[in-house]
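Student: Sequence first, then the predicted structure:
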Amino acid sequence: MLNFALSEILLESSPTRYWKMLHQIGINDAVGVLPRNFMDWRKSFEDEPWGYLSLKKYKNMLEDNGFTLRAIEDNPPMDKIRLNLPGKEEQLDSIAKMIENFGKLNIGLWCYNWMAGIGWSRTHSHVENAVGTVSSFNIDDISGYRNEKVNIDRSSLWHNLKDFLDFIVPLAEDSDVKLALHPDDPPIEEFAGIPRIMNSIESYDKLFELNRSEFNGLALCQGNFTLMTEDLPGTIRHFGSRIFFVHFRDVVGDRNNFTETQLGYGKTDLVSCMKAYNDIDYSGLMRVDHVPTLEGDSADVPGYSYLGRLYAIGYIRGLSQGCGTLF
Ligand SMILES: [Mn+2]
């Protein structure tokens with residue numbers, strides 16, 4: 001049976017009319033980012049964005065506006081940890097404090113990633129197509145570019161990930177905070193010369209061999225996983241209870257050349273995916289991910305248009321009710 005919490009990522013630093021619309025369509029669970037903009041009212045000016053005071057103020061602002069802060073999908077600087085560089089201890093210390101604060105504040109999930117040097121990337125940010133304005137990626141656009149600042153090989157990235165898990169998982173267990181590793185986006189073999197390792201089903205199998213704790217899990221970002229496999233529903237069943245967080249989105253194309261799209265217009269059999277979540281009794285968090293910007297709507301962050309997200313939330317609710325879930 002499906003019993004997941006349909007949530008929404010709230011990127012705004014103060015309440016908006018969109019937040020009221022979310023309540024009107026039944027969304028009361030929030031995923032947050034770390035408050036770090038200048039004069040960001042979520043942040044305590046005396047404290048780091050991952051410090052107790054900042055997170056408490058942020059959580060209060062959401063609660064005062066009807067939301068429960070369930071997860072943070074963001075991280076303090078951590079490339080020195082990924083790359084095993086001097087300064088790593090300080091970054092580990094920040095993450096440890098953040099996890100401890102999540103525990104104190106009942107924020108039960110942290111979504112992080114293992115992309116070194118270059119985070120999630122597209123090569124086209126505003127592509128006009130039939131479903132709205134979307135982003136896309138074409139590996140040919142970066143064929144002439146190499147990142148000279150980052151120098152690491154694949155096995156070192158794995159080694160450093162294992163070290164990080166050994167450090168963070170016991171702290172997460174003590175604080176009752178689940179860890180959801182988001183895939184590399186796009187899930188290609190290397191980006192401008194920097195290897196990527198969280199880009200296949202096998203890499204997640206390996207992740208769970210590296211650390212068998214029940215707190216070591218995955219963020220199933222459908223837009224990436226559907227580029228790794230032709231059988232996303234089978235993949236959902238394969239990982240089962242290891243899935244702590246779902247990004248419900250879809251794309252058209254392959255891992256080297258793809259375009260984001262609206263739910264129902266992509267390459268993935270979303271009905272079968274929802275049935276698969278039903279089969280595994282999925283009870284974690286789920287949220288809409290990148291959506292097209294519709295005509296007349298605005299999106300301060302490309303992929304997070306209000307109208308596009310409202311459509312997607314309705315689509316997800318319809319799919320889940322088709323599986324017999326009443327919420
Ligand atoms: Mn995602």
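Tutor: The structure has been received and is ready for your questions.

Student: Give the other helices and strands that the helix or strand containing Ile168 contacts.
Tutor: If you go by DSSP states H and E, Ile168 is part of helix 154-175. Applying 3 or more Cβ pairs under 8 Å, 6 or more residues apart in numbering; DSSP states H and E, one finds that helix 154-175 contacts helix 79-83, helix 88-105, strand 178-182, helix 201-210. C-beta coordinates here come from the backbone N, C-alpha and C atoms, glycine included.

Student: Spatially nearest residue to the residue in the stretch 201-327 of the chain that the ion sits nearest to, not counting backbone neighbours?
Tutor: With Cβ to the ion, the shortest gap between the stretch 201-327 of the chain and the ion falls at Cys221, namely 3.2 Å. Nearest residue to Cys221 in three dimensions, chain neighbours excluded: His247, at 3.9 Å (Cβ to Cβ, 6 or more residues apart in numbering).

Student: Show me what from the stretch 151-300 of the chain comes close to the ion.
Tutor: Cys221, His247, Asp289 (Cβ under 5 Å from the ion).

Student: What is the lowest-pLDDT residue among the residues you listed?
Tutor: Minimum pLDDT for these is recorded at Asp289 (95).

Student: who's in contact with that one?
Tutor: The contact partners of Asp289, by Cβ atoms under 8 Å, 6 or more residues apart in numbering, come to Cys221, Gln222, Gly223, His247, Phe248, Arg249, Gly303.

Student: what's the distance between it and Asp185?
Tutor: Counting by Cβ to Cβ, to the nearest Å, the separation of Asp289 from Asp185 is 10 Å.

Student: Over to Leu207?
Tutor: In terms of Cβ to Cβ, Leu207 sits 16 Å off from Asp185.

Student: in stretch 161-179, what's buried?
Tutor: Using 16 or more other Cβ atoms under 10 Å as the test for burial, stretch 161-179 gives Leu161, Phe164, Leu165, Ile168, Val169, Leu171, Ala172, Glu173, Ser175, Val177, Lys178, Leu179.

Student: which residues in the stretch 1-150 of the chain form strands?
Tutor: In the stretch 1-150 of the chain, the strands defined using DSSP state E, counting those that start in this stretch lie at 5-9, 29-32, 68-73, 109-113, 124-129, 132-138.

Student: Now find how far off-centre the fifth one is within its chain.
Tutor: The reference is to strand 124-129. Relative to the centre of its chain, strand 124-129 is centred 22 Å away, using Cα atoms, centre = their mean, to the nearest Å.

Student: One more: the fourth one?
Tutor: Averaged C-alpha coordinates place strand 109-113 at 7 Å from its chain's average position (Cα atoms, centre = their mean).

Student: Ok, the last one next?
Tutor: Centroid displacement of strand 132-138 relative to its chain, using Cα atoms, centre = their mean, is 18 Å.

Student: Average pLDDT for that strand, rounded please.
Tutor: 96.

Student: and the spatially closest residue to Phe208 that is not a sequence neighbour, backbone torsions?
Tutor: Leaving aside its chain neighbours, Phe208 sits nearest to Arg242 (6.1 Å; criterion: Cβ to Cβ, 6+ apart). For Arg242, the backbone dihedrals (degrees, to the nearest 10) come out as phi -80, psi -10.

Student: Same question for Phe258.
Tutor: Taking degrees, to the nearest 10, you get phi -140, psi 160 for the backbone angles of Phe258.

Student: Ends of stretch 207-225, what's the gap?
Tutor: End-to-end distance of stretch 207-225 (Cα to Cα, to the nearest Å): 15 Å.

Student: Alpha carbons of stretch 77-96, in CSV - could you do that?
Tutor: Only the C-alpha atoms of stretch 77-96 are listed here, as CSV (Å, rounded to 0.1, in the frame of the first residue of the first chain):
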residue,chain,number,x,y,z
PRO,A,77,30.5,22.9,1.3
MET,A,78,31.7,19.3,1.0
ASP,A,79,34.0,19.0,-2.0
LYS,A,80,37.1,18.7,0.2
ILE,A,81,35.5,15.6,1.6
ARG,A,82,34.6,14.2,-1.8
LEU,A,83,38.1,14.9,-3.0
ASN,A,84,40.0,14.2,0.2
LEU,A,85,41.7,17.6,0.3
PRO,A,86,43.1,19.6,3.2
GLY,A,87,40.3,21.4,5.0
LYS,A,88,38.2,18.2,4.9
GLU,A,89,38.0,18.0,8.7
GLU,A,90,36.3,21.4,9.0
GLN,A,91,33.7,20.3,6.3
LEU,A,92,33.1,17.1,8.2
ASP,A,93,32.6,19.0,11.3
SER,A,94,29.9,21.2,9.7
ILE,A,95,28.0,18.2,8.4
ALA,A,96,28.2,16.5,11.8
